[in-house]
Structure formats: C-alpha cells, structure tokens
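> Build the 3D model from these lines:
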Amino acid sequence: MQVILGSDAIHRPLTGIGRYALELARHLRELPEVQRLDFFSMGRWQTWQDLLACEQPVASMPGPANASLPKTLRSVLAGNALAVRAYGALSPTLYGWRLRNRADALFHAPNYFLPPHPGPCVATIHDLSHVWHPQFHPQVRVDFMNRALPQTLKRADFLITDAESVKQEVIRHFAWPEDKIAAVPLGVDPIYRPREASEVQDVLNAWGLVYEAYTLFVGTVEPRKNLTTLLTAYEQLPEKLRMQWPLVIAGNEGWNSKEIHSRMERAATQGWLRYLSFVPQTQLPMLYAGARLFAYPSVYEGFGLPPLEAMACGVPVVCSNVSSLPEVVGDVALGFSPTDVQGLYTALTQGLEDESWRSQAKSAGCERSQNFNWQHCATNVLKIYAHCLRQINR
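Residues are numbered from 1 along each chain as shown. You can find the predicted model right below:
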C-alpha cells in the first residue's frame, strides 16, 4: 500500500488537528502494510524530519519569558479575504499538477480539504462548527469552508470523523452515504499520565504554580471555547476558593478574543487567574498532572483532546455535555450545559472540594483514557484505506 498523507496541519503551534496528523504519520510509518508513506503540504513534499521539527521545543527553558509564539505569515494571510480567495482558486490546479503522477497512491487529507488526485481519496472531517456555529469563526474562514468542503466531498471516496456525533452530522447535513463514512476516535500519548509532585516541580516552579493548587484550562483563547462562561462561574466562587485554587489558562491567543483577554487581565489583577499563553508540548503533561481540576466549557468540539489528556493524567474533569464531549469523557466527568453558569459553578465547587468524588474521578478517568490510543487510531484508519482500495479495485 502506498499512501500520501496531507501534512499541512503539522506546523507550530501544534493544534489538535496538527497533533492528529502527526500521530497518524508516526504510527502509519510503523505499520508493515504501508510500503511507502509520503507527506504533502501546501503543494510541497515534506520529509519525516520536517514534521518532527514541529515538536521541537521553542525554547530551552520553560516559563513565561519564552511563552509566546510570533504570528507567522501563514496565520496573517489566513485572515486576509483576498489571499484566502486567491489560495482557494489557484491551489487545486497547482496541487493537482504536483500529484498528477501518483495514481498508485491513496491520498488522505487529515485536515478537511482534498486536492485533485488521480488515485483513491480519503478525508477527515473533524467538525462542522462553521455550519452550526459560524459566529465562532472569522467570516473569511466560514466562506472558505463553505466553498472548499463541497469540493472535498466530490473528490472523496470515504470520509472519517473523530466522533460518532460528527459522523451523524455529516450524514444528515450533506446527505452523505452511511456506508462511506466512519468514526475513528483519537488517542492519547502515554506521556500523559499521573505524576507525583517531585516529577512536575521544575516545570511548575518555572510557571510559578503549586502542585494540585490550581484549576486548569488548555486550549486556544477564542469564543468557541466559552471562556467567558468559565470566568463568570469562577468569579462567583467564594473568594477563599478562588485564591486557594486559582484558574490557570494555557493556550494561544485566538480570533476575536480581545474582550476575553480583558476579563482575564482583570481576574489576574485580582489574584485568582494566571494566563500562561503558549505552553511547549514537552511541558503540557506536567502542567496537566499538577492540576487539582481540569475545566472545559467548550460550546462545540469535534472530539476534545484536552479532557482526555487530563483524565489520562489522573486529574478530575468538569466538562460541557454537548457535541462529541460525552463520547470522550463518558460518565467520568461532571457535565453541564455550556450556557449554564450555575451548573458550571456547581461542578467547579464539587470538583474542587468533594474529595470522595475527586478520588473516584481520578481512577475512573485513568481507566477510561486507556480506551483511546494512537496505535488503535492508525490501525483503524489503515482498515479504511484497505476498504477503499478493495471497493475501487472491484
């Protein structure tokens, strides 16, 4: 089997889709059925070493002084409507020309968009947030998704989603054949595991944090993550709780987040919030494992890796009960509606103070997280490749 894996999502900072694509690449390389695996990004061929460079630490030492990543040309152009339209118009021709002699290979686009390819094609559709919640995206992104995703559906022989909920959304919204789509859950790296205070102390010291003395959120600071509701609920906690167990937010600044950052700055001034901005991938497992509680109030997710990583680290989780998130956390986390401030307040209070529930949630979370691993994900994706090839060769 020869496979071309789209690698355009594998770049710094490595987001959830980038992590998915990189872990697929890592594990597909190890499967004997894959005789050749090539990587294709933005019209260029990449090497495995190119992809690994995205995991290298940005700085040698942890801490706030090295926390920020500069905006790349790619991220700047993504916000320019003219640039995005030009890319959408020109890239299919360029990419199709580069792929014209590779009909022998199956092309998998792990980031929504399939270029013209003469061989079998598979695409991963992570979510339909641009359809159900367009207000959570820049208009230029929504317009691009609405133009480009139908082209992917025309080219695809098979679709993959990360969760059953998104699979059903794709079937309903696009009238997609049920026998040409499958949900393949993501995985969690073994580096996410429970750790004693001594194992994480150096990283926590660098960030000015104390073991099991903070509530953690990990994710891009943007409206879809619903941090406004989290800040409102946390602000209503008794002052003693807020000061004893402050809220720590780790994640890059995202689109339309000015108001959220203003509220975060006020909370930081009051002493009950810390904003770490970007945290290197090498330090995230320590940051998770050192937390007392993990909070994830997102309005919509295609999967939700952060709650899974937190559970794997033995950290109790409070999590919104919408979209794919119940598939990830099951009955392990305390759930709430993302619009229910009181529900989140109640979950936070129990998550911080109820030692009986906390003990149960720690062990149950670790156990549940073992059901998700990247090797199983890659193996199931490989089965889909084989199925596509059999269907086409009939």
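> Next, count neighbours for the nearest residue to Phe336 once chain neighbours are set aside.
In space, and not counting its chain neighbours, Phe336 is closest to Gly343: 3.6 Å by CB to CB, 6 or more residues apart in numbering. Yep, even glycine has a C-beta here, placed from its N, CA and C like the rest. The tally of other residues near Gly343 (other CB atoms under 10 Å) stands at 20.
> Same question for Phe278.
Neighbours around Phe278, by other CB under 10 Å: 17.
> And the helices in the stretch 1-150 of the chain, which stretches?
16-28, 48-52, 73-78, 81-98, 129-132, 139-155 (DSSP state H, counting those that start in this stretch).
> can those go into a markdown table with extra columns for mean pLDDT, mean neighbour count and distance to Gly6?
Formatted as a markdown table, these follow (pLDDT from 0 to 100; neighbours: other CB atoms under 10 Å; distance: least, CB to CB, whole Å):
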| stretch | mean pLDDT | mean neighbour count | distance to Gly6 |
| --- | --- | --- | --- |
| helix 16-28 | 96 | 22 | 7 |
| helix 48-52 | 94 | 14 | 12 |
| helix 73-78 | 50 | 12 | 15 |
| helix 81-98 | 75 | 14 | 10 |
| helix 129-132 | 96 | 17 | 19 |
| helix 139-155 | 94 | 16 | 11 |
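> Among those helices, which comes closest to Val3?
Val3 lies closest, by CB to CB, to one member of the helices of the stretch 1-150 of the chain: helix 16-28, at 6.6 Å.
> Remind me what the closest one packs against, helices and strands.
strand 2-6, strand 36-41, helix 48-52, helix 374-393 (3 or more CB pairs under 8 Å, 6 or more residues apart in numbering; DSSP states H and E).
> And Phe278, its phi and psi?
phi -70, psi 130 (degrees, to the nearest 10).
> give me every residue that touches Pro177.
Ile171 (CB atoms under 8 Å, 6 or more residues apart in numbering).
> before we move on, the earlier item: how about the helices of the stretch 1-150 of the chain in TSV, adding distance to Ala361?
Output for these, formatted as TSV (distance: least, CB to CB, whole Å):
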stretch	distance to Ala361
helix 16-28	23
helix 48-52	35
helix 73-78	37
helix 81-98	43
helix 129-132	28
helix 139-155	36
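> how about these, which one is nearest Glu309?
helix 16-28 (9.9 Å).
> ok so, going back, which one of the helices and strands packed on helix 16-28 is the most hemmed in?
strand 2-6 (a mean of 23; mean count of other CB atoms under 10 Å).
> Walk me through which strands it pairs with, and which way each runs.
strand 36-41 (parallel), strand 106-109 (parallel) (DSSP bridges).
> I'd like to know which of these is closest to Ala213.
strand 36-41 (41.4 Å).
> which residues touch that closest one?
So strand 36-41 is contacted by 2-8, 10, 25, 28-29, 45-48, 50-51, 95, 98-99, 102, 105, 107 (CB under 8 Å, 6+ apart).
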